[in-house]
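K.L.:
how would this look folded up:
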Amino acid sequence: MSGNGLSYSEQGGEAAPELAQEAAASTTPSASAAFGLFSSGTKKNEDLKQMLESSKDSAKLDAMKRIVGIKKLVYVYLMRYAEEQQDLALLSISTFQRALKDPNQLIRASALRVLSSIRVPIIVPIMMLAIKEASSDLSPYVRKNAAHAIQKLYSLDPEQKDMLIEVIEKLLKDRSTLVAGSVVMAFEEVCPDRIDLIHKNYRKLCNLLVDVEEWGQVVIIHMLTRYARTQFVSPWKGDEVVEEYNENNFYQSDEEQKEKVQKVKNTYTMDPDHRLLLRNTKPLLQSRNAAVVMAVAQLYWHLAPKSEAGIVSKSLVRLLRSNREVQYIVLQNIATMSIQRKGMFEPYLKSFYVRSTDPTMIKTLKLDILTNLANEANISTLLREFQTYVKSQDKQFAAATIEAIGRCATNITEVTDTCLNGLVCLLSNRDEIVVAESVVVIKKLLQTQPANHGEIIKHMAKLLDNITVPVARASILWLIGEYCERVPKIAPDVLRKTAKSFTNEDDLVKLQILNLGAKLYLTNSKQTKLLTQYILNLSKYDQSYDIRDRTRFIRQLIVPNEKSGALSKYAKKIFLAQKPAPLLESPFKDRDHFQLGTLSHTLNSRATGYLELSDWPGVAPDPSVRNVDIAEVAKEWTGIRGKPKKEKPTGKFYSESEEEEGESASTSTSESESGSESEKEDKEETSSDESSGSYSSSEESSNSESDSKESTAKKTSRAAAESDSEDIKVKGISKKRSTSSSSDTDSTSSKESSSDSKSESDSKSDFVSGKSISAISSKKEETTVQDRKAPNKQDVFLLDLDDFCPVTTPMAVPAAALLSPSLTADLEGLSLSSSSVIDVATQVSMPTKTHELLHRMSGKGLAANYHFSRQPGIFGDCMVSVQVTVTNTTDQKIENIHIEEKKLPPGMRMHEFSPIECLEPAGSITVSMGIDFCDSTQTASFQLCTKDDHFNVSIQPPVGELLLPVTMSEKDFKKEQGMLTGMNETSATIAVAPQNSTRLVIIERVVKAANLGVVPSGQDNIHRFAAKTVHSGSLMLVTVELKESSTAQLVINTEKTVIGSILLRELKPVLSQG
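P.N.:
Coordinates of the predicted model:
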């Protein structure tokens, strides 16, 4: 209150600023004086009159402090006891009425606050009159208290609703930021359905939002979220139409495509008022108050186009540094968001790794989010992380981790077998809880494909003697009963053992023993008839009525007699019917129908007072209802004294310009722009990036860039390239790259410092490679002037490597024959591991398969093929080299062949080839490009363009081309293989054709299928190969062990389990076919 005392006086309060400040800041002295008054009579206050009449200002101030302090204590006392002693409270009403006329705004506000807190129905008319008068008070602090009093009066007497709505309507027009939050809260309590009261005040509230106190911001944002859902059409329809349009085929005519483009443009245009709300709430993502950030996040989630909602992710991740209570709420909301839109939080995967200091509730939520974000690209990393979590001392968390592994296995089919093998290994764990949870999860996984896992069921049957947890025992018995025909020798024996211990088992286990006996009675009656009857007799007299009822039901169903009904004929169909596999889903899947950030969402149950978000209207209501007459605005401005509103500062919190906010940005760009640091820190990051020439890390952190930005950057680069100095070229381009993507660089906290240092080292290596390559490029140009026309000087790029690529053959050429000694030395230094015994191998000259990129019919005479050259990373450490051969099959020149509109999955990058100025009729040219596939087989889609046409094309890499061969000794191979077991090992037994059993043939076939290096082997029947993934440098170890009778064991050990599974699938036919 002390801070508000000065501001209220400045805005029109009649009390002197000094007096208000002193009076409000004197709580402790006044309290002691007041207690002195009540304890020792009134003699101590006889000097008050003399002090007030004194000529000394200090004496007057002391007297005022004591008076105000006494009044405050009296007010507190009255509020506390008014309801219990109503008659005595009524005696003070006249005093409060006089205090409402006091010149001091603090006294007026306190009197109103106390008067409205006296819950005596007889004074309702007096309270109503006081609220009406206070709503017109010159002091915004008093008007704020009038808004608070509205809610109290409404709870005391709901019949006053109509009169209170008139006061709310009046206060909603108030232009003071102090009043805005309180009156909106009163609106939400009294008449949340009266949306018409908001129409005229909507734009004012949006503009005042940034200056309102934090508590008021939360209330206003939630109200405006509900308002927007009733007044604007859904922005998500536009996203759906654009996605549908992006899937157009090659054979549509130009006219049809233009019509579709026009249709997409006309389909959805965001209402300016809708955009105003999004724009004015965006800066609040920088708020220090977690509730405000959470409110803005839910607003963007419910109102913003899907392509813009990503900007809230970085701010939400920032909140994870707060206390555990805030973390819990934020993580719950992130868990709900990550189910529907994984891409929002994938860049911040490491922020959700579990710390040992986290409480169990936080660990479980982080685990759920990690499972939601799991995909083919990151599943290897997550499974490695989960392996650590399983060893946690927190047994509840370890059990939750095992369930998360099961969910990953269900959602990502490539790792199902790997996860299952890992869970089977956990069955030998010493911890009973871990074993029990593993059994339950394995049971659910086996239901998806039971035919292939008879051995696992047998193994689990053997564990039945040692496992004591009821849920685990029941799961094993259910599995044996359900698939008893697959283990015909074991099932009867299990029934015999459980019959002995039946009376001592838990009720859950007893029910499954009954089911097992019934199923075996129906399928193997000869061996199990007597056992089943014995169990039925035992359970007939069990203490649990559930078990007695189940026994009577089963006996009548499976043992037919004259009393049996028609159902006994179908007993086998009933018991052994095929059951649907259980769905392992996130517990947050069904919470999205509650508004994010609300108590109902946290509890997953509708709380009292919860207001549901309405569905988007099919047609937008009339937007003119929000227009305000100029005369009315002027009247409001002159009616309330105060300073004119200051203009907002022009400084931006984000790198995005004001004009670009009106357009739909890509999801990844929006994510990178939601920075949680201050503007100063962003500037420091940008400057440091520029000085180090870091553009590689920036490209990795952003998923895609706007085409308009790229074209502008290219023009700038061409204009600057007129200088002959290669050093100037390198510096200019590195600076351009770092500047264009500096806002995407993510170094938000010390926790992510390791990733930052990695990106800096990557950028430096790219810088060195680029410098060497540019020098070779210029040298090569001088030697080839006679062969072909030299290109324009402005078109010479830093990484223009077209001259290096052989045009006549699609075979991969060794690096030594292709590159100069200086570049070879640079490339040899780019080791993918810190180990001194594992090095990148020399490339093997092996013809690779050519793939069609663009058919001549689809390309209107322009044909394009591509193959993977298996050359070193000349475009960067993480890029796969691709050679594209472009052919002109027409009788006319084709001009300006280039790449546009790259549509790449998150994290993927592409280094496009330099534009081809002109391709003569029947001419052909081979160019090189680099693609960072992020160790996945996802498709890289882009447009191959000419001067007049655009063709949608895509490149999908075979998994074998995502590898770099490495050399190592047999000893090192075995050492690394020993560290990559369990979930990191995938194997299969294959039949090998006789002609494929020699060493030379096996090496030739394997190396042709995958870019692997040959490891020396001391045994004739074992062949070893090693490689590293291009993007992450993870080892890929392949072993082919020839067995007797023309079979072989194929084993792949790698951290990248998805790539390992796919490679295993591709190598099997290579070795088995003749």
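
K.L.:
what ranges does the stretch 101-250 of the chain have for its helices?
P.N.:
105-117, 124-134, 140-156, 161-172, 177-190, 196-199, 202-208, 214-231, 236-246 (DSSP state H, counting those that start in this stretch).

K.L.:
output those helices as TSV; include the columns mean pLDDT and distance to Glu961.
P.N.:
Just so you know, the C-beta spots here come from the backbone N, C-alpha and C atoms, and that holds for glycine as well. Shown next, in TSV, are the helices of the stretch 101-250 of the chain (pLDDT from 0 to 100; distance: least, CB to CB, whole Å):
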stretch	mean pLDDT	distance to Glu961
helix 105-117	88	74
helix 124-134	93	75
helix 140-156	94	67
helix 161-172	94	64
helix 177-190	94	59
helix 196-199	92	59
helix 202-208	93	52
helix 214-231	93	48
helix 236-246	54	26
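
K.L.:
burial count for Glu1041?
P.N.:
Glu1041: 17 surrounding residues under other CB atoms under 10 Å.

K.L.:
please state the offset of the helix or strand containing it from the chain centre?
P.N.:
Assessed by DSSP states H and E, Glu1041 sits inside strand 1035-1042. The chain centroid and the centroid of strand 1035-1042 are separated by 36 Å under CA atoms, centre = their mean, to the nearest Å.

K.L.:
what's the first helix or strand after that strand?
P.N.:
Following strand 1035-1042 in sequence, per DSSP H and E, is strand 1047-1054.

K.L.:
next one: that next one to chain centre, how far?
P.N.:
For strand 1047-1054, the distance to the chain centre is 36 Å (CA atoms, centre = their mean).

K.L.:
can you check stretch 137-153 too?
P.N.:
Relative to its chain's centre, stretch 137-153 lies at 42 Å (CA atoms, centre = their mean).

K.L.:
try stretch 271-281
P.N.:
Centre to centre, stretch against its chain (CA atoms, centre = their mean), the figure for stretch 271-281 is 24 Å.

K.L.:
residue ranges with poor pLDDT in the stretch 1-150 of the chain?
P.N.:
By pLDDT under 70, the weakly predicted segments of the stretch 1-150 of the chain are 1-46, 68.

K.L.:
how about 80 then?
P.N.:
Within the stretch 1-150 of the chain, the stretches with pLDDT under 80 are 1-53, 60, 63-89.

K.L.:
with the stretch 801-950 of the chain instead?
P.N.:
In the stretch 801-950 of the chain (pLDDT under 80), the answer is 801-848, 871-877.

K.L.:
strands along that one, start to end?
P.N.:
According to DSSP state E, counting those that start in this stretch, the stretch 801-950 of the chain carries its strands in the segments 839-840, 851-854, 862-868, 880-888, 894-903, 909-911, 916-919, 924-932, 940-945, 950-955.

K.L.:
rewinding a little: could you give me the average pLDDT of the strand holding Glu1041?
P.N.:
Averaging pLDDT along strand 1035-1042 yields 91.

K.L.:
same check, this time on stretch 469-479
P.N.:
88.

K.L.:
look up the closest residue to Gln892, ignoring the ones flanking it.
P.N.:
Pro921 (6.2 Å; CB to CB, 6 or more residues apart in numbering).

K.L.:
does that neighbour touch Thr887 like I think?
P.N.:
No. Using CB atoms under 8 Å, Pro921 is not in contact with Thr887, being 10.5 Å away.

K.L.:
neighbour count: the two, which is higher?
P.N.:
Thr887 (20 against 12).

K.L.:
before we move on, the earlier item: among the strands of the stretch 801-950 of the chain, which is nearest Tyr353?
P.N.:
Nearest of the strands of the stretch 801-950 of the chain to Tyr353, taken as CB to CB: strand 924-932 at 23.7 Å.

K.L.:
paired strands for the closest one, with orientation please.
P.N.:
If you go by DSSP bridges, strand 924-932 pairs up with strand 880-888 (antiparallel), strand 909-911 (antiparallel).

K.L.:
same question for whatever helix or strand Leu531 lives in, mean pLDDT?
P.N.:
In the assignment (DSSP H and E), Leu531 maps to helix 525-540. The average pLDDT within helix 525-540 is 88.

K.L.:
go on, stretch 576-585?
P.N.:
Stretch 576-585 comes out at a mean pLDDT of 76.

K.L.:
any idea how far the residue nearest to the spatial centre of the chain is from Ile1062?
P.N.:
Central residue of the chain (CA atoms, centre = their mean): Phe345, 2.1 Å from the mean position. For Phe345, the distance to Ile1062 (CB to CB, to the nearest Å) stands at 26 Å.

K.L.:
also Gln97?
P.N.:
82 Å.

K.L.:
for the host helix or strand of Ala335, packing partners?
P.N.:
Secondary structure from DSSP H and E places Ala335 in helix 324-340. If contacts are counted by 3 or more CB pairs under 8 Å, 6 or more residues apart in numbering; DSSP states H and E, helix 324-340 sits against helix 290-303, helix 312-318, helix 360-373, helix 599-603.

K.L.:
same thing but at 6 Å, please
P.N.:
helix 360-373 (3 or more CB pairs under 6 Å, 6 or more residues apart in numbering; DSSP states H and E).

K.L.:
off-centre distance for the helix it packs on?
P.N.:
Chain-centre distance of helix 360-373: 12 Å, with CA atoms, centre = their mean.

K.L.:
after that helix, which helix or strand is next?
P.N.:
Following helix 360-373 in sequence order, the next helix or strand is helix 379-390 (DSSP H and E).

K.L.:
can you give me the mean pLDDT across that following helix?
P.N.:
Mean per-residue pLDDT for helix 379-390: 90.

K.L.:
got a list of contacts for the next helix or strand after that helix?
P.N.:
For helix 379-390, the following helix or strand on the C-terminal side (DSSP H and E) is helix 395-411. Identification of contacts with helix 395-411 by CB atoms under 6 Å, 6 or more residues apart in numbering yields 360, 363-364, 367, 371, 374, 386, 389-390, 392, 416, 419, 433-434, 437-438, 441, 445, 584.

K.L.:
give me the buried entries from those.
P.N.:
363-364, 367, 371, 374, 386, 389-390, 392, 416, 419, 434, 437-438, 441, 445, 584 (16 or more other CB atoms under 10 Å).
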